[in-house]
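Engineer: Here is a sequence with its predicted model. Questions after.
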Amino acid sequence: MDKELLVAAVKMIIMLPLVTALAYFLIKYGLARRSFIPGGQRRMRLIEQIPLGPKAFLSLVEVGGRYVLLAHSESGFQVIREMDDLPAPLPQEDARAVEFKCLTDKLKGIVKGRGDRRTGR
């Protein structure tokens, strides 16, 4: 009886990491991420996606040659705009410049708020 228990424990110690690794790779690279399309031709594609919050996004999707701007979150989605042509790309801003601009705007608001309290306006 003890020998059978030892063999079962050794099998479990060997098989558990194998099953865990298999599950990990199937979830990460497996069938859940693959979309099998008959004929291999897609009718829809995600052009760009911008996060609006932790679980909210703004997405630009091409569907049958038309472009749709969607806002979606956990509670649902909303079509913002449908377009025939792809909008022109926006110029790239330096991330540090944007952060600095946001910081200076916040500081201006704080300073303005203090000034208004002192004068009573």
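Structural biologist: Yep, that arrived.
Engineer: Let me know the helix or strand that the residue positioned nearest the centre of the chain is in.
Structural biologist: Taking Cα atoms, centre = their mean, the centroid of the chain lies closest to Pro51, which sits 6.4 Å from it. Taking DSSP states H and E as the criterion, Pro51 maps to strand 44-53.
Engineer: how far out from the middle of the chain is that strand?
Structural biologist: 8 Å (Cα atoms, centre = their mean, to the nearest Å).
Engineer: helices or strands up against that strand?
Structural biologist: The helices and strands touching strand 44-53, judged by 3 or more Cβ pairs under 8 Å, 6 or more residues apart in numbering; DSSP states H and E, are strand 56-63, strand 66-73. Where C-beta positions appear, they are placed from N, C-alpha and C, glycine not excepted.
Engineer: Please repeat the previous calculation with a cut-off of 6 Å.
Structural biologist: Secondary-structure packing of strand 44-53 (3 or more Cβ pairs under 6 Å, 6 or more residues apart in numbering; DSSP states H and E): strand 56-63.
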